[in-house]
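# sequence first, predicted model second:
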Amino acid sequence: MRLIRTVSLFVFVISISIVSVTAADTTILCASTTSTQNSGLFDHMLPLIEKKTGIRVKVIAVGTGAALEIGKRGDADVVLVHAKDDELKMVSEGWFVDRHDIMYNDFILLGPPADPAGVRKMKAAHQALASVASGKAAFVSRGDNSGTNKKELKLWKAAGLDPKGMDWYMEAGQGMSRTLRIAGEKKAYVLTDRGTYLSLQDKERLNLEIVFEKDPALFNQYGVMAVNPEKHPAVKYKAAMTFINWLISEEGQKAIASCKDDRGNQLFTPNAKRKDND
């Protein structure tokens, strides 16, 4: 009798161990930009992904620059960010593999409703920032090497300006939602992705309005890629590719398109290019 109990206990322990290993094998880490988290995209998609594939995805939400570094170190299995030039560069260097465009939205410039810098009159994004600088109007930058921050700096460069160190220019060093709150408090201008703004506008009194939008220079492409297993053999490449393949599948793309704010506005437009047999 004692032998039967011992064997049963042994089988039970082994079974629990197998379940634990299986669960661990189906959990991956995704380093991503804060905009995908703040907009509610992951809250919308991750239950769908787990139901379909069995893959659990834990998200590390930071700026794009930090997300890329996390992946480069092998501390994540996959990254989902929005700085395509940097992404392609790191793929060419061998840090990441299997990159795909998956969706886009756009950047917008927010400011106080009164628009003291006259930004609404401008025809191009870099002109809008030049108008802010000319009027020495308060501007809050994320200042965190995120995709949004990278885009903002490109626009300042296009305007022939370097605002860093100016008394009207503040670097928050924060994520997008916190940066918007600071800009609202200071009645300042700020560049943001549309998705984060739409997700927050009915939840918080930001005291900010869209003052400039719809310039092609404000296009905001998101991409996903796996950490190269040849650089970091411990990463869960197979599970990461299951995640990526779901995102670019018809089902995944429809899920992205169905992510909307409380007013019914679509937050991202899917644009993955798939093979005919996908």
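Perfect, thanks for sending it.

# where exactly do the helices run in the stretch 51-200 of the chain?
Taking DSSP state H, counting those that start in this stretch as the criterion, the stretch 51-200 of the chain carries its helices at 64-72, 84-92, 125-134, 147-158, 176-186, 194-201.

# how about the fifth one: buried residues?
Looking back up the chat, that one is helix 176-186. 176, 177, 179, 180, 181, 183, 184, 186 (16 or more other Cβ atoms under 10 Å). Bear in mind the C-beta positions are built from the backbone N, C-alpha and C, glycine included.

# keeping just the C-alphas, turn that helix into PDB.
Below are the C-alpha coordinates for helix 176-186, written out as PDB (Å, rounded to 0.1, in the frame of the first residue of the first chain):
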ATOM      1  CA  MET A 176       3.400  58.700 -23.600                       C
ATOM      2  CA  SER A 177       0.400  58.900 -21.200                       C
ATOM      3  CA  ARG A 178       2.500  60.500 -18.500                       C
ATOM      4  CA  THR A 179       4.000  63.000 -21.000                       C
ATOM      5  CA  LEU A 180       0.500  64.000 -22.100                       C
ATOM      6  CA  ARG A 181      -0.600  64.600 -18.600                       C
ATOM      7  CA  ILE A 182       2.400  66.900 -18.000                       C
ATOM      8  CA  ALA A 183       1.800  68.700 -21.200                       C
ATOM      9  CA  GLY A 184      -1.900  69.300 -20.200                       C
ATOM     10  CA  GLU A 185      -0.800  70.600 -16.800                       C
ATOM     11  CA  LYS A 186       1.700  73.000 -18.300                       C
END
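
# nearest to residue 103, out of the helices of the stretch 51-200 of the chain?
Closest of the helices of the stretch 51-200 of the chain to residue 103 is helix 194-201, at 9.7 Å (criterion: Cβ to Cβ).

# what are the pairing partners of the helix or strand just after that closest one, and which direction each?
Remark: after helix 194-201, the chain's next helix or strand is strand 209-212, criterion DSSP states H and E. Next to strand 209-212 in the sheet, as set by DSSP bridges, lie strand 96-111 (antiparallel).

# circling back to that earlier point, Serialize the helices of the stretch 51-200 of the chain to JSON lines and add fields for distance to residue 265 and mean pLDDT.
Conversion of those to JSON lines gives the following (distance: least, Cβ to Cβ, whole Å; pLDDT from 0 to 100):
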{"stretch": "helix 64-72", "distance to residue 265": "23", "mean pLDDT": "96"}
{"stretch": "helix 84-92", "distance to residue 265": "24", "mean pLDDT": "97"}
{"stretch": "helix 125-134", "distance to residue 265": "21", "mean pLDDT": "98"}
{"stretch": "helix 147-158", "distance to residue 265": "19", "mean pLDDT": "96"}
{"stretch": "helix 176-186", "distance to residue 265": "17", "mean pLDDT": "94"}
{"stretch": "helix 194-201", "distance to residue 265": "5", "mean pLDDT": "89"}
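
# of those helices, which is nearest residue 33?
Using Cβ to Cβ as the criterion, the shortest distance between residue 33 and those is 4.7 Å, found for helix 64-72.

# list the contacts of the closest one.
Contact partners of helix 64-72, identified using Cβ atoms under 8 Å, 6 or more residues apart in numbering, comprise 31-33, 60, 62, 76, 78-83, 86-87, 90, 95-96, 144-150, 225, 227.

# low-confidence bits of this structure, can you list those?
Confidence mapping of the chain against pLDDT under 70 gives the ranges 1-25, 274-278.

# ok, and the closest non-adjacent residue to the spatially most central residue of it?
Within the chain, one residue has its C-alpha closest to the average C-alpha position: by Cα atoms, centre = their mean, that is residue 33, at 3.0 Å. Closest residue to residue 33 in three dimensions, ignoring its sequence neighbours and counting by Cβ to Cβ, 6 or more residues apart in numbering: residue 64, at 4.7 Å.

# how deep is the one you found tucked in, by neighbour count?
The burial metric for residue 64, expressed as a neighbour count using other Cβ atoms under 10 Å, is 28.

# residue 168 versus that one, what's the distance?
Taking Cβ to Cβ, to the nearest Å as the measure, residue 64 falls 26 Å from residue 168.

# tell me who's in contact with the spatially closest residue to residue 140 that is not a sequence neighbour.
Of all residues not flanking residue 140 in the chain, residue 183 sits nearest, at 4.1 Å (Cβ to Cβ, 6+ apart). Each residue near residue 183 by Cβ under 8 Å, 6+ apart is listed here: 110, 140, 189, 190, 206, 208.
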